[in-house]
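Participant: Build the 3D model from these lines:
(2 chains)
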Amino acid sequence: MKIVVAIKQVPERDAPLRIDAAGKWIEEADLQWAMNESDAYALEEALQLKEKHGGEVVVLSAGPERVGSTIREALAKGADRGIHVDCDNPAQWDALGMARLLAEAIRGESPDLVLTGLQSDDLGLGQTGVIVAELLGLPHASLILHVEKTDAGLKVKRELEEGWFQEIELPVPAVLTIQSGGNKLRYATLMGIKRAKTKEVRRVTAAELGVASNAVVALERIAVPQKQKSTQMLTGSPKDVAATLVEKLKFEVRVL
Amino acid sequence: MIQLPFTLAEPDGFSLWERFTFAALTLTSAALFWRRFGPILQRILHSRKDADFRLAPVGRRVWEFVWEVLCQSKVIRQRPLPGLAHALVFWGFCAFAVVTLNHFAYGLGLGFLSPDGWVGRCYFYLAAVFATACAGGILGLFVRRFAVRPRWLGAKLSYESGFIALLIFALMATYLAAFFVADGSPAARALWWAHTLTLLVFLPIIPHTKHLHLVLSPATVFLSRGGFSRIPALAGDEDFGLVAGTDLTRLVSLQAYSCVECGRCMEHCPAANTGKVLNPKEIVLGLRGYLNEYGPASAEPLLGKYNRQEAVFQCTTCGACEFQCPVGIEHLPIMVGLRRGAVNTGTWEDEHGAKLFLALERGSNALGMSATERDKFIQKQELPIFDGTQEYCLWLGCMGGYDPKGREIVADFARVMRYLGTSFGVLRKEKCTGDPVRRLGNDLLFEQLAQANLEALAQNKVKKIVSICPHCVRTIAEDWKQYGTPPEIEHHSEFLARHLSRLPRAAEKETVVYHDPCYLGRYRDVFEEPRKVVAQAGELVEAPRSHERSFCCGAGGGLAFLGEEQGERVSQVRAAELAATGAKTVGTACPFCNSMFRDALAAGGEGAPQLLDIAQLTARNLPAGGAG
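Facilitator: Okay, here's the model as predicted:
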């Protein structure tokens, strides 16, 4: 089975974020970058499928030079080769544009399966994978926790709300967006990193893929969430206080 | 000239037939010895070269040889009675070497020491004194092995050891008896032959048994890496640690063949004492078994038939084994080496281990928390940010920055520093020093963490660091050297001990039992400083196992982050031992020990002693509020 895994590089979880002068994106200088979490799970699913059924795992990422380190990380964990789509300013590309870039890069590979994370940890739009499927005219399913290869195609487990799951079957080729937590991620190893050095990473530009940005969605402004702290004193009998507290926790704070 | 009543009797000359027999037997014995020893030597020499081996400084090696081998210091100090018995045997052998040489030379008609001459006579008397002591020593060891039967010598009686003891005793007896028979008598001849035959039987047995240490261990001690837990840098792109036979270095192979199976490592091992699979002695013997079966050129994995991965990952890296070993085996580089082999190639699969690695791949601390939690703590405690003007960089570490109890220790230590008027600051950003991943054998992560930290420290122009965590101190001071020059660092016990005269004493002295953290004591040789700090704040009580023999809390070697232990919990065994001293307080100097004992003492229920770090013991005597 030939599997393409589309991966996004996002700021590291602990990275302190600062908004840039224009107020439309974050300062990228001095930031530490990491693989988007659900993409890491997509990669893990792909590697496990390869280990079970053989085939090839191709990792695909679009972005500037820095994206190379994340591609290398995926190669170190076991992907066979990489495709790096050069684009200097990923913030200029909306979900549709990015999906077009990825779809064109995938088209040349004619894979049996395309996996990507459910959504990105930075923008969290959750659209890219789904649009890729539409552009390629392939069946797709989202929120996938587990993939099983069958004679006819695939059997996948989707996560629904409130602890419900759905199992569906679909033919290949297909596009799946993977939910975090379905597998246990493997750690990067020294041997993997050394072996990855000799693996091929092909670089292509947007122009070579015949895709222009043509963004239809523009980021107007980004802002840091306002922190709020407020105290409410509840008075009355313990019974009343408890009832009010439960009410507030349920409907105001929504933690219950 | 003084006439002494008796001297060593020798046969008066040998017939040609006797000489021929003697020569033939000697050659046979030597051949039998070599038939076994030759291949062993080949396996050692054909092992990979130790890339980082340097003979210099020779002074250190000579000193260790004299002190540990010739003086038998470790052998005696760590097990006084059997140690002394062994030393008597050893010294007997040393004194006997010349006698034996002369004995063989005499058989060929080339004797150089005559019992009639002054020198010979004196030497034979001297050797007789040693021989008597040696016979006594070996008798003592025999009684110990077959009557006392300590657990660490193994459940199975070693009859070969009994036989060897018998031979040694016979050697000494046949020598001493020769003083009581007439020179040139048939009895002298019989004794000479008995002595010879005993020697000739003894020689080929040496390489077949653990008595191989007679030949190898002096070299092992002399050639050892030195220091404590010195983990060699990986050599080249194809070195991932101890994966297969081809990764065994000469030092490792030499050490594997040097083991004398005394079981001191096992006697002090926290894993072996709490029902785990791991037994450090078996790890070393496992490598020997591997070398015997597969040899040093084999691609067969080291973790398989002879050693189990499970055992290797139960090690707390407390280093009691390495400290105890009397024949120069360095267990920690072996243990960490085997882990490196498993982790660097991805063959170690462990849910908790992978979680720790991923937390450090993606985040900054071993606890897997957000770095903003550390920021919040710094703000809350109003800890100054290091800006290059302060004297010390206060290194928080994962425990000091994220663990609730570790934070209390940091806060109290900061109070003491403020009281003393010492300027300090904390780094805005800090990553784990890499201690747990270093000990678990993840070289990739360790390198990343060490380099990122070294860079941050250099950027901030840090000159001096102080930390409450012995693991951070050790890793920064020693392990980071592989990647750069770390700033000077000290543990807060060293800092506090130096400033004791300016710190208030406790008005009422409660009893405090001090627990030596492995990474402060055995790893850094700091034993007295924390005791001085404790003595200023309370009445110091010693635990049954203390100083170099301290028993681990169970957290080291990355084990604090792995799952539930097999068998008894190491922390509970140690906590019970500390509580049993009856001290009001358990004094610690390591946030990991603290965290382990916190849970273990809580499990003890009511009446458990309180648990305080030495910084807290000091801080509680400070006047309330304000600097002094």
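Participant: Downstream of the strand ranked longest in chain A, the next helix or strand is which one?
Facilitator: In chain A, assigned by DSSP state E, the strand with the most residues is strand A:140-149. With elements assigned by DSSP states H and E, the helix or strand that comes after strand A:140-149 is strand A:154-159.
Participant: report the angle between the axes of that next one and strand A:140-149?
Facilitator: Strand A:154-159 and strand A:140-149 are oriented at 120 degrees to each other (axes from the mean of the first three to the mean of the last three C-alpha atoms, to 10 degrees).
Participant: re the thing from before, adjacent strands (with direction) for the longest strand of chain A?
Facilitator: Taking DSSP bridges as the criterion, strand A:140-149 forms sheet pairs with strand A:154-159 (antiparallel), strand A:174-178 (parallel).
Participant: Out of these, which gets nearest to A:Val246?
Facilitator: Distance to A:Val246, taken as C-beta to C-beta, is lowest for strand A:154-159 among the strands paired with strand A:140-149, at 28.2 Å. C-betas here are computed from N, CA, C, even on glycine.
Participant: quick one: average confidence on the helix or strand following the closest one?
Facilitator: Scanning forward in sequence from strand A:154-159 by DSSP H and E, the next helix or strand is strand A:165-170. Average pLDDT, strand A:165-170: 95.
Participant: and if you look at stretch B:378-391?
Facilitator: The predicted model gives stretch B:378-391 an average pLDDT of 96.
Participant: do stretch B:139-155 as well
Facilitator: Model confidence over stretch B:139-155 averages 89 on the pLDDT scale.
Participant: other SSEs contacting the helix ranked longest in chain A?
Facilitator: Of all the elements of type helix in chain A, the one with the most residues (DSSP state H) is helix A:37-53. With contacts defined as 3 or more C-beta pairs under 8 Å, 6 or more residues apart in numbering or on different chains; DSSP states H and E, the packing partners of helix A:37-53 are strand A:2-6, strand A:56-63, helix A:67-77, strand A:113-117, strand A:140-149, strand A:174-178.
Participant: After the last one, which helix or strand is next?
Facilitator: By that I understand strand A:174-178. Beyond strand A:174-178 in the direction of the C-terminus, DSSP H and E gives the next helix or strand as helix A:190-196.
Participant: Run through who's touching the helix or strand just after that next one.
Facilitator: Note on helix A:190-196: by DSSP H and E, the next helix or strand toward the C-terminus is strand A:201-205. For strand A:201-205, the external contacting residues (C-beta atoms under 8 Å, 6 or more residues apart in numbering or on different chains) are A:68, A:71-72, A:75, A:81-87, A:105.
Participant: Chain B contacts on chain A?
Facilitator: A:12-14, A:16, A:34, A:184-194 (C-beta under 8 Å from any C-beta of the partner chain).
Participant: B:Gly587 contacts B:His515, doesn't it?
Facilitator: Yes. B:Gly587 is in contact with B:His515 according to C-beta atoms under 8 Å; the separation is 6.9 Å.
Participant: Show me which residues of chain B sit near chain A.
Facilitator: With the criterion set to C-beta under 8 Å from any C-beta, chain B comes near chain A through B:234, B:237, B:240, B:343-346, B:351, B:353-354, B:357-358, B:361-364, B:370-372, B:442-445.
Participant: Neighbours of B:Ala602, how many?
Facilitator: 11 (other C-beta atoms under 10 Å in any protein chain shown).
Participant: Which secondary structure elements does the helix or strand encompassing it sit against?
Facilitator: With the criterion set as DSSP H and E, the secondary-structure element containing B:Ala602 is helix B:591-603. Packed against helix B:591-603, as judged by 3+ C-beta pairs under 8 Å, 6+ apart, are the following elements: helix B:397-402, helix B:404-420, helix B:570-579, strand B:585-588, strand B:610-613.
Participant: Mean neighbour count and mean pLDDT for these - can I get that in CSV?
Facilitator: Shown next, in CSV, are those (neighbours: other C-beta atoms under 10 Å in any protein chain shown; pLDDT from 0 to 100):
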stretch, mean neighbour count, mean pLDDT
helix B:397-402, 26, 97
helix B:404-420, 20, 97
helix B:570-579, 22, 95
strand B:585-588, 27, 96
strand B:610-613, 21, 96
